[in-house]
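[1] No sequence on hand, only this structure:
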Ligand SMILES: Cc1cn([C@H]2C[C@H](O)[C@@H](COP(=O)(O)OP(=O)(O)O)O2)c(=O)[nH]c1=O
């Protein structure tokens, strides 16, 4: 006998992440990839901003949900009072638990993970904040599992806004409520993402003139090509 034991040594799952500015189409693509992989018979989970379920562990799920509420369901006065460093560390705590309790066990069990809302956009947001050191922000996320494939959906802020129609205060970096505030802020975030892209081997797509089907088709081809995942 060899030591091959396929039933006890499932192939590790793949982690696939979608990044881009607000309105680039991340959630749309992530949901399509999740659906297509599942329909093709691949065990796959979709993880987003409010995914708090730790499989078969209601107690940990409740704890992760409390952390999600703390980080994302916060009131503006509390956000302001606590300040940027606090929120950076709270976000790092959130991403740490999501990685350790949900993503890593899934990958180890052979389940693929589609991650919408990865931490890269947060890094870009903090990189444009002069009050927080960029290297500190990079360090608090450095231990997270490295995705096997990152799709970067590139679009200008003006075009993203035309798609979205409306935006939240967070999506202007709390800089104001006008369209120009969204555009100015998101274009700076986009420039930071593009710097990251140069260093990271992301699969970059200019989605300005692509409809959702074309984006999905390009992504599906890349999954087959780079990760040998057929959908
Ligand atoms: C992908 C896509 C999205 N949209 C719309 C749907 C949503 O209202 C909005 C943002 O899409 P969404 O996928 O939510 O983007 P993100 O997760 O990056 O913020 O744009 C289009 O109009 N055309 C498209 O091709």
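    Done, it's in. Being a predicted model, the structure only gives us computed values, none of them experimental.
[2] Contact residues of the protein facing the ligand?
    Selection of the chain residues close to the ligand by CB under 6 Å from any ligand atom yields 20, 22, 23, 24, 25, 26, 27, 28, 163, 164, 211, 212. (Each C-beta comes from the backbone N, C-alpha and C, glycine too.)
[3] Am I right that the third one is in a strand?
    Right, residue 23. No. Residue 23: not assigned to a strand; according to DSSP: H, G, I helix; E, B strand; the rest coil it is coil.
[4] Which residue comes closest to it once chain neighbours are left out?
    Nearest residue to residue 23 in three dimensions, chain neighbours excluded: residue 160, at 3.2 Å (CB to CB, 6 or more residues apart in numbering).
[5] So the one you found, which state does it fall into?
    Strictly by three-state DSSP, residue 160 counts as helix.
[6] Could I get the contacting residues of it?
    Residues near residue 160 by CB atoms under 8 Å, 6 or more residues apart in numbering: 21, 22, 23, 24, 186.
[7] please redo it, this time with the cut-off set to 6 Å
    The contact partners of residue 160, by CB atoms under 6 Å, 6 or more residues apart in numbering, come to 21, 23, 24.
[8] Point me to the helix or strand that includes the spatially closest residue to the last one that is not a sequence neighbour.
    Taking CB to CB, 6+ apart, and ignoring the residues beside it in sequence, residue 24 has residue 153 as its nearest neighbour in space, at 4.0 Å. Element membership of residue 153, judged by DSSP states H and E, is strand 149-154.
[9] now that strand, how far from the centre of its chain.
    Averaging C-alpha positions (CA atoms, centre = their mean, to the nearest Å) puts strand 149-154 10 Å from its chain's average.
[10] Other residues contacting that strand?
    Against strand 149-154 from outside (CB under 6 Å, 6+ apart): 16-20, 24-25, 197, 202-207, 219, 226-227.
[11] For the chain, which helix extends over the most residues?
    helix 179-200 (DSSP state H).
[12] Identify the residues contacting that one?
    Residues outside helix 179-200 that contact it (CB under 6 Å, 6+ apart) are 21, 124, 127-128, 152, 157-158, 161, 167, 171-173, 175, 204.
[13] Buried only: go through those for me.
    When those are checked for burial by 16 or more other CB atoms under 10 Å, the buried set is 21, 124, 127, 152, 157, 161, 167, 171, 172, 173, 204.
[14] Where does pLDDT dip in this structure?
    For the chain, applying pLDDT under 70 flags the ranges 1-10.
[15] any idea where the helices of it begin and end?
    Under DSSP H, the chain gives helices at 26-39, 58-72, 76-82, 84-97, 104-108, 120-127, 134-141, 157-164, 179-200, 212-227.
[16] what's the first one in contact with?
    Going back to what we said before, that points to helix 26-39. Where contact means CB under 6 Å, 6+ apart, the residues beyond helix 26-39 that reach it are 18, 20, 44, 46, 112, 114, 116, 212, 215, 216, 231.
[17] for it, which positions count as buried?
    Buried residues in helix 26-39 (16+ other CB under 10 Å): 26, 28, 29, 30, 31, 32, 33, 34, 36, 37, 38.
[18] Report the distance from it to the chain centre.
    13 Å.
[19] residues in contact with residue 171?
    Taking CB under 6 Å, 6+ apart, we find residue 171 in contact with 22, 182.
[20] how about a cut-off of 8 Å?
    Residue 171 sits in contact with 22, 182, 185, 186, where contact means CB under 8 Å, 6+ apart.
[21] quick check, nearest of these to the ligand?
    Nearest to the ligand out of those is residue 22 (CB to the nearest ligand atom; 4.6 Å).
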